[in-house]
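> structure of the sequence below:
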Amino acid sequence: MNLVDQREPDNITKPLVEAHGWGIQLLDSGDFSLCAGLVGIERKTVSDLLSRMNPRASISNPKPRSLVDQLQDLCAQYQHCVLLIEGWMSVTYDGFLKTSALVSQRTYSGVMDYLLSI
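From the prediction side, this is the model:
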């Protein structure tokens, strides 16, 4: 059975459950579990990806987990791991990453190098 994490938003879970018969469950790692637990998928929006590259503690989240931590957990649990990045991004004329919400202080090449190093 395919599963979606119960912490995913309704606009993600509802179609998977109603149209495709997926189950909803609190997953230890990842956002989706496919093929009877053989494949784990971690879904990130572009803005969440950028914030997880070097997470900062806050009052509501005193010990934030980095993307590397999340992916290490995913790969320890599943035979096949996928990082799904969703959203819009482009590159400014001077090489910075631009999302639909902001121009990041990170360069496009820096983000790509980070992802390739994982």
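> which residues sit against stretch 83-90?
The contact list for stretch 83-90, computed with Cβ atoms under 8 Å, 6 or more residues apart in numbering, reads 41-47, 49, 71, 97-100, 115, 118. (Glycine included, C-beta is placed from N, CA and C.)
> in three-state terms, label the spatially most central residue of the chain for me.
Nearest residue to the geometric centre of the chain (Cα atoms, centre = their mean): residue 44, 2.6 Å. Three-state assignment for residue 44 (DSSP: H, G, I helix; E, B strand; the rest coil): strand.
> does it touch residue 67 like I think?
Yes: contact criterion Cβ atoms under 8 Å: residue 44 and residue 67 qualify, at 7.3 Å.
> overlap in contacts, those two.
Common neighbours of residue 44 and residue 67, counting by Cβ under 8 Å, 6+ apart, are residue 52.
> burial measure for the closest residue to residue 46 other than its chain neighbours, as a count.
In space, and not counting its chain neighbours, residue 46 is closest to residue 87: 3.9 Å by Cβ to Cβ, 6 or more residues apart in numbering. Residue 87 has 13 neighbouring residues, counting by other Cβ atoms under 10 Å.
> can you check residue 4 too?
25.
> now the helix or strand hosting it: how far from the chain's centre is it?
Element membership for residue 4 (DSSP states H and E) is strand 3-5. Relative to the centre of its chain, strand 3-5 is centred 14 Å away, using Cα atoms, centre = their mean, to the nearest Å.
> touching the next helix or strand after it from outside, list them.
Next helix or strand after strand 3-5 toward the C-terminus (DSSP H and E): helix 10-20. By Cβ under 8 Å, 6+ apart, the residues outside helix 10-20 that reach it are 2, 4, 6, 22-24, 43.
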